[in-house]
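> Sequence and computational prediction follow.
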Amino acid sequence: MKYAKLAALAVALAYGSADAAVITFQTGTSSAGAQTTANAYRDIVDAAVANSSHSTVLNNYDIVSNQSLFGAGATNIAFKSTINFGLSASGTYSFRAGVDFGNGGAVFLDGQAVDLKTTDMWWAHDYANTNSVFSVSNKALTAGNHTLTIYGLEGCCDGGQQVQYSANGAAFQSFSASTLQMAPVPEPETYAMMLGGLGVVGAIARRRREKKQA
């Protein structure tokens, strides 16, 4: 039992504690119009935010904008939102985003395009405006870490945005830093620490057996 506890301690030290979901909101400047593919939106927005200092981590993704977060302008905006989250068990998840992307945008889940809108999107705080919101329904996700990324282009106005999720058919709720926590993922040096700890436990056990046999 003692050795089992030591082994568990070694694993716990290696993995550390879970981190909260991380919501990164970035903006840049772009005068690009509507695109024809999700990848085109991704490429244009990534280039725009790479040349911008406008980046912050949100506590809550609930009615945020370029102006409210950065005190920036309301025209020619490229938006990128990256939500890293974790699931302790597999399940079926849906996502929706109310945005103000006058030139459309795209959504990626774990690197794969899952929604694309090429027309003027202004949800007016009403998800009944289905042509003006992103919607990703009933995705079977495994336990572990996942990434939801939203790209958009806005010509003017910069209205408030919101991103929500539904777990296994439950009611939608806005993403926050305390929802869908990231599972800890060890770095290579952490694996070495874990294996080293387990090796120490094994060495102690061998010495105990050898002493008894002597």
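Okay, I see it.
> Residue ranges in the protein under the pLDDT threshold?
1-19, 181-214 (pLDDT under 70).
> domains of it?
2-12+188-213, 18-174 (automatic domain parsing).
> With respect to Leu180, which of those lies nearest?
The closest of these to Leu180 is domain 18-174. By Cβ to Cβ, the value is 3.7 Å. Quick note: C-beta positions are derived from backbone N, CA and C, even for glycine.
> now Ala20: how far from Asn103?
Per Cβ to Cβ, to the nearest Å, Ala20 is found 32 Å from Asn103.
> of those two, who's got more company?
Asn103 (25 against 17; other Cβ atoms under 10 Å).
> May I have the residues that are in contact with the more buried one?
Contact analysis of Asn103 by Cβ atoms under 8 Å, 6 or more residues apart in numbering lists 32-35, 120, 152-155.
> Starting from Ser137, give me the distance back to the nearest residue to it once chain neighbours are set aside.
Among residues not flanking Asn103 along the chain, Leu153 sits closest, at 3.9 Å (Cβ to Cβ, 6 or more residues apart in numbering). Here Leu153 is placed at a distance of 24 Å from Ser137 (Cβ to Cβ).
> Can you pick out the residue with more neighbours from these two?
When neighbours are counted by other Cβ under 10 Å, Leu153 and Ser137 differ, and Leu153 comes out ahead with 25 against 12.
> so what's that one bridging to?
Bridge pairing for Leu153 (DSSP bridges) gives the partners Ala78.
> and what of Tyr93?
According to DSSP bridges, beta-bridge pairing links Tyr93 with Lys139, Ala167.
> what's the neighbour count on the spatially closest residue to Gln173 that is not a sequence neighbour?
Closest residue to Gln173 apart from its sequence neighbours, by Cβ to Cβ, 6+ apart: Gln164 at 6.0 Å. Gln164 has 18 neighbouring residues, counting by other Cβ under 10 Å.
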